[in-house]
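>>> Sequence below, structure please.
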Amino acid sequence: MSDFSDTVILVTGGTRGIGRACVEAFAQKGGTVAFCGRSQETVDTVATEIAEATSATVKGYQADISNDTEVDALVKAVTEDLGAPTILVNNAGITKDGLLMRMKNDAWDEVMQTNLSSAFYTCRAVSRGMMKARYGRIINLSSIVGVHGQAGQANYAASKAGLIGFSKSLAQEFASRNISVNVITPGYINTDMTAELNEDALNDFVEKIPAKRAGSPEEIASATVFLASRESAYITGHVLAVDGGLGM
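Residues are numbered from 1 along each chain as shown. Here you go, the predicted structure:
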């Protein structure tokens, strides 16, 4: 698989879990990697750790990607510091679970804004540079929940389903400019978000997975790197399930 030398990659939510694994994977492939998080101290620490481990150029930025003004400022700063990103990985996401009858407006709005509106903001912000370069790769991280739904996660499921329709629309808009837009739908992955499940719930969930295990952030990162590579040029508008067979 091609390396990513002379390529600027932007990963949202890159301080932990799948996002951090993506930053590490692109850095190991020689890419110049920018990523964001909500704490400047955290992004600085993570950037230093990954840069020292890989000898790549890695820079972290503090940004709230649910805010369009901050997203525009983020992309401008990355472009000035490192160059225009031609690979974008939208990974940032949150959950605010609850049954519909008890769900407050804030829980709905915050999840939709962080998980879905942020992708609109970031894709719009990087699109001009990609159009100018006549090259780009956008990978949006959805979820198996966005395909099959999940009781108690109406807001999360809606946001992740929305990412799929959004991505397919962008894929049609951008394909003639050599810009691909694809989606990954992770299944159960060992991250801080899923670590909140108790042992009984975890065992029950894993039992339903044909592979009989949870996935790792690194396995999602590997799929992301492939979809970001030049070898994936003829793939766009695709939804790739990385779920151990759970969605079959």
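>>> contacts and neighbour counts: CA atoms only from here.
Fine.
>>> Which residues are in contact with the residue nearest to the spatial centre of the chain?
Taking C-alpha atoms, centre = their mean as the criterion, N91 is the residue nearest the geometric centre of the chain, at 1.9 Å. Under the criterion of C-alpha atoms under 8 Å, 6 or more residues apart in numbering, the neighbours of N91 are 11-14, 18-19, 140-141.
>>> Distance of I184 relative to S143?
In this structure, I184 lies at 7 Å from S143, with C-alpha to C-alpha, to the nearest Å as the measure.
>>> How about F4?
F4 sits 26 Å away from S143, taking C-alpha to C-alpha as the criterion.
>>> How about G19?
Using C-alpha to C-alpha, which is the criterion applied here, G19 is 14 Å from S143.
>>> Next: Y234.
23 Å.
>>> rewinding a little: turn the contacts of N91 into a markdown table, including secondary structure and pLDDT.
As requested, the contacts of N91 are exported to a markdown table (DSSP: H, G, I helix; E, B strand; the rest coil; pLDDT from 0 to 100):
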| residue | secondary structure | pLDDT |
| --- | --- | --- |
| V11 | strand | 98 |
| T12 | coil | 98 |
| G13 | coil | 97 |
| G14 | coil | 97 |
| I18 | helix | 97 |
| G19 | helix | 97 |
| N140 | strand | 98 |
| L141 | strand | 98 |
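>>> Could you dump those into a markdown table with distance to G129 and neighbour count added?
What follows is these, written out as a markdown table (distance: C-alpha to C-alpha, whole Å; neighbours: other C-alpha atoms under 10 Å):
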| residue | distance to G129 | neighbour count |
| --- | --- | --- |
| V11 | 16 | 25 |
| T12 | 17 | 27 |
| G13 | 21 | 25 |
| G14 | 21 | 28 |
| I18 | 25 | 26 |
| G19 | 22 | 27 |
| N140 | 18 | 26 |
| L141 | 21 | 26 |
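>>> Out of those, which is nearest to N190?
Nearest to N190 among the contacts of N91: I18, at 9.1 Å, using C-alpha to C-alpha.
>>> Pretty sure the closest one sits against A223.
No. Here I18 lies out of contact with A223, judged by C-alpha atoms under 8 Å, at a distance of 11.1 Å.
>>> Show me what whichever strand or helix holds L88 pairs with in its sheet, parallel or antiparallel.
Remark: L88 resides in strand 87-90, with elements defined by DSSP states H and E. Within its sheet, strand 87-90 is paired with strand 8-11 (parallel), strand 136-141 (parallel), according to DSSP bridges.
>>> Can I get these in JSON lines including distance to V147?
Formatted as JSON lines, the strands paired with strand 87-90 follow (distance: least, C-alpha to C-alpha, whole Å):
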{"stretch": "strand 8-11", "distance to V147": "23"}
{"stretch": "strand 136-141", "distance to V147": "12"}
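>>> Strands along the chain, start to end?
Remark: strands of the chain, listed N- to C-terminal, are 8-11, 32-37, 58-62, 87-90, 136-141, 179-186, 239-242; assignment by DSSP state E.
>>> For this protein, give me the ranges with low pLDDT.
In the predicted model, the chain carries pLDDT under 70 at residues 1, 193-194, 196-197.
>>> Convert the C-alpha atoms of whichever helix in the chain runs longest to CSV, please.
With residue count as the measure and DSSP state H as the assignment, the chain has helix 154-174 as its longest helix. Backbone C-alpha positions of helix 154-174 (Å, rounded to 0.1, in the frame of the first residue of the first chain) are rendered in CSV as follows:
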residue,chain,number,x,y,z
ALA,A,154,-32.3,7.2,18.8
ASN,A,155,-30.1,10.3,18.7
TYR,A,156,-26.9,8.5,18.1
ALA,A,157,-28.4,6.2,15.5
ALA,A,158,-30.0,9.1,13.6
SER,A,159,-26.7,11.0,13.6
LYS,A,160,-24.7,8.0,12.3
ALA,A,161,-27.4,7.1,9.7
GLY,A,162,-27.3,10.7,8.6
LEU,A,163,-23.5,10.4,8.0
ILE,A,164,-24.2,7.6,5.5
GLY,A,165,-26.6,9.6,3.4
PHE,A,166,-24.5,12.7,3.6
SER,A,167,-21.4,10.8,2.5
LYS,A,168,-23.2,9.2,-0.5
SER,A,169,-24.4,12.6,-1.6
LEU,A,170,-20.8,14.0,-1.4
ALA,A,171,-19.4,11.0,-3.2
GLN,A,172,-21.6,11.9,-6.2
GLU,A,173,-20.7,15.6,-6.1
PHE,A,174,-16.9,15.0,-5.8
